[in-house]
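Undergrad: build me a model from this:
(chains A and B)
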Amino acid sequence: MRSTLSISIVIHVLVITLSIFGLPFLYKSPAKQQKPLVVEVVSIGDKTELPKPAKKDRSKQVKEKKENIIKKKVKKLPQPSIKPIPQNKRTETVSLRKKTKKKTPKLKQKKLESKTGFTKLARVTPRRKPKPPDPFESVLRNLAQDFDKQTVKKVDKTPKEEKKSKKSDFEAKIAKILANNSITESETDKVTMTEMDAMINTIRTSIRPCWNLQPGAKGAEDIVVVVRAYLTPDGRVKRAWVANRDLLVNDPFKLAAAETAQRAILNEACQPFRLDPRKYAIWRDVTLNFNPSEMFGK
Amino acid sequence: MEKIVLFFRDRDSIILAIIAIVLSISSVKAELKVDITRGTVKALPIAVANFVGTNKKEVELGKSITSVISSDLERSGLFLPISQKAFIDTEKSLDILPKFQNWRILNVQAMVQGSVVILEGKNIKVQFRLWDVFSQRQMVGQVYTTVVSNWRRIAHIIADAIYKRVTGENGYFDTRVVYIAETGSQIRRIKRLAIMDQDSENHHFLTDGKFLILTPRFSPNRQEITYMSYHGGVPRVYIFNIDTGRQEILGDFPGMTFAPRFSPDGNAVIMSMARDGNSEIYTMDLRSRRAKRLTRHSSIDTSPDYSPDGTRVVFNSDRSGTQQIYIMKSDGTDVRRITFGKGRYATPVWSPRGDLIAFTKMRRGKFFIGVIGIDGKGERLLTDGFLVESPTWSPNGRVIMFFRETPKGKFGDKKSKLFSIDLTGQNEREIITPMDASDPAWSPLIP
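TA: Next up is the predicted model:
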């Protein structure tokens, strides 16, 4: 009796849990975003960071810096061609120029000094104390690195390290779970915020010329139409339908607005959308909110 | 000790399981959401294929009906009928699904096809289908049976059905316009009451021009027209029956009566009466013939018009020192001013939709036709000119018709023509009339 009751309770709890969380295990999510924190820090940096300049001689850097300072000083000088400058100020400018000229030989000396300084720094670098191991390092690494690298990376355990490895075993498992979770999505499914914005912009600018509004219609500015669309890998619309049709169908104005929006997305004149085919999993299912309020100055 | 280890091991596995579950939940299916906030304002490309028939007469009639439908839609400014020369395919029958790919190539978004059958007894059966080319669905399909001579009206009704289905608002093609036709020199100007379809067809005169007629207005049932006439030398309000051609004076007022309009139910006429230099607003019940005074003010109150529900009246008055627009309840109470802009406002007309009031504005020697919300907000001037006046709404509240008078030429002549303009201020078009025209009034739709 008890066992039956406990089984019943367990099944009920399971069913309720599954129904609440929408059976997340039963489907493979085709398009998954990384956690915003990770995407922002890692991916944007990778994509948008300018290529690092080749290492310059520190003396050159110092020289450039000094030259910049001089240039700035020169730039700040009043323009004689534009404004009439009193005689005494002119002499000042001349004297400043002279000063800059005098400074240049000093720079040559500093250039030599800086060379030596650079070599010292280069030698110092490896002597730096290694950072203490971050307890979440593995987790961060797993999120930041590719899945393949993580799976290949296996540490051979020696008997001495066994105790430590037991401790880190738990962390490794967490890392594995996180890795598995993030990599159920393929590399092509990953998308940065910048890429996402680019996709949205591409679709938006493509559809805009085909969305034929009726500004004179009564209440046109307040009608928002939601259209769902499935796209083909070549960026064309396979199917599109008004998602909130039930809310609009009873009012002829709203129905007309809904059909206008649907025609905009189905119009082949505004296709294909020039989207990255490698990110197809991201943009194959699109939801478009047609909201004309901005055009009416709202 | 072992139990403790087991406990910790279990604890680890529990934590791992929780993390796995949380992560699974957090991996929500990504969906690309795009907000489209701007579009274009263009006419909808539409193909109106010739209505098919089985013999020459039916084919000719089908072509005529198609032409009227196409012209109606094009004139609205909201549709762009594609030239039939560009058609790749011609639909042979209504019972065969159109080849949508052939229409999509032309970027046609809606397609109309129809047929005409001449029945016995001079009757015809006209049917049509409107297709959404992109979604490949029929949007509307109807059949009409009428006498052959009524074919033009059937064409207007079909155009209205297409307009309504695509835009969501009622059409206005099956309507008529009454106006003042003007001929002769400026000194001896002859002004006659004339009526025509909204597309300038079926034009004819209702009066012979012996007496000056001004400000004609349709009754809600379209069978009567009220206007001000100088019949007998005294300006008075009359009612004219279109069917019988009879003219009847409205009431026995001591002063001159002018600027009449029917109430929305057609049972009363609201007008102005001037006496001793003052003008007030009155209503007259057409059944009891009893008049009721609505305004009592020392200033000039005139140009009254009912709201579509008949509960309020808009009029203009100079009670504030300058000519402005006011709204009051239909019993004359709760008067409030709605225009405060620079210039003078006149001839207010309540939109059939109920949300706007069209008016004539005069400022710095120039005339404007504009609209304003009934709360006095959102004033927009749609068009201007040397003299633009007398706005009248299409029955769907989408288009405004007015007349435009050009300045005198070298020979002292001036031209007066009717124009229509979309509520948006776009698509201004001349309404073709056989002679000079002024004071247009748009008829309601027949339900």
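
Undergrad: that's a strand at B:F253, yeah?
TA: No: counting by DSSP: H, G, I helix; E, B strand; the rest coil, B:F253 is not found in a strand; it is coil.

Undergrad: around chain A, pick out the residues from the stretch 51-200 of chain B.
TA: B:78, B:104, B:107, B:109, B:132, B:134-135, B:139, B:164-169 (CB under 8 Å from any CB of the partner chain). C-beta coordinates here come from the backbone N, C-alpha and C atoms, glycine included.

Undergrad: tabulate these (CSV), appending distance to A:V13 and secondary structure.
TA: Below are these laid out as CSV (distance: CB to CB, whole Å; DSSP: H, G, I helix; E, B strand; the rest coil):
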residue, distance to A:V13, secondary structure
B:L78, 59, coil
B:R104, 54, helix
B:N107, 57, coil
B:Q109, 54, coil
B:D132, 50, strand
B:F134, 49, coil
B:S135, 46, coil
B:M139, 51, strand
B:K164, 56, helix
B:R165, 53, helix
B:V166, 54, helix
B:T167, 55, helix
B:G168, 50, coil
B:E169, 55, coil
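
Undergrad: just the buried members of those?
TA: Buried subset of these (neighbour count, 16 or more other CB atoms under 10 Å in any protein chain shown): B:78, B:104, B:109, B:132, B:134-135, B:139, B:164-169.

Undergrad: farthest pair within the residues of the stretch 51-200 of chain B next to chain A?
TA: B:R104 and B:E169 (26.6 Å; CB to CB).

Undergrad: tell me where the model's unsure across chain A.
TA: Counting by pLDDT under 70, chain A has low-confidence residues at A:1, A:21-189, A:297-298.

Undergrad: list the buried residues in stretch B:376-386.
TA: B:G376, B:E379, B:L381, B:L382, B:T383, B:G385.

Undergrad: and the contacts of it?
TA: Contacts with stretch B:376-386, where a contact means CB atoms under 8 Å, 6 or more residues apart in numbering or on different chains, come from B:337-341, B:361, B:366-373, B:400, B:402, B:404-407, B:419, B:421, B:423, B:425, B:428.

Undergrad: can you select the buried ones from these in ChimeraX?
TA: Burial among the contacts of stretch B:376-386 is assessed by 16+ other CB under 10 Å; the matching ChimeraX selection reads:
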select /B:338,339,361,367,368,369,370,371,372,400,402,404,405,419,421,423,425,428
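
Undergrad: inside strands: which ones of the contacts of stretch B:376-386?
TA: Assigned to strands by DSSP state E, the following of the contacts of stretch B:376-386 qualify: B:337, B:361, B:366-373, B:400, B:402, B:404-405, B:419, B:421.

Undergrad: any buried residues in stretch B:281-297, and which?
TA: Of the residues in stretch B:281-297, B:I281, B:Y282, B:T283, B:M284, B:L286, B:A291, B:L294, B:T295 count as buried by neighbour count, 16+ other CB under 10 Å.

Undergrad: can you check stretch B:323-335 too?
TA: Buried residues in stretch B:323-335, counted by 16+ other CB under 10 Å: B:Q323, B:Q324, B:I325, B:Y326, B:I327, B:M328, B:S330, B:G332, B:V335.

Undergrad: which one of those sits closest to chain A?
TA: Proximity of those to chain A was ranked by CB to the nearest CB; the top entry is B:I327 with 19.9 Å.

Undergrad: part of a strand, is the closest one?
TA: Yes: the assignment for B:I327 is a strand, going by three-state DSSP.

Undergrad: next, format the buried residues of stretch B:376-386 as CSV and append pLDDT.
TA: Putting those into CSV (pLDDT from 0 to 100) gives the following:
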residue, pLDDT
B:G376, 94
B:E379, 94
B:L381, 95
B:L382, 95
B:T383, 95
B:G385, 93
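
Undergrad: quick one: the helices in the stretch 201-350 of chain B?
TA: In the stretch 201-350 of chain B, no helices are defined using DSSP state H, counting those that start in this stretch.

Undergrad: what is the burial count for A:V249?
TA: If you count neighbours by other CB atoms under 10 Å in any protein chain shown, A:V249 ends up with 12.

Undergrad: so who does it touch?
TA: If a contact means CB under 8 Å, 6+ apart, then A:V249 has A:L255, A:A258 as its contacts.

Undergrad: that one and chain B: what is the separation?
TA: Distance of A:V249 to chain B, given as CB to the nearest CB, to the nearest Å: 11 Å.
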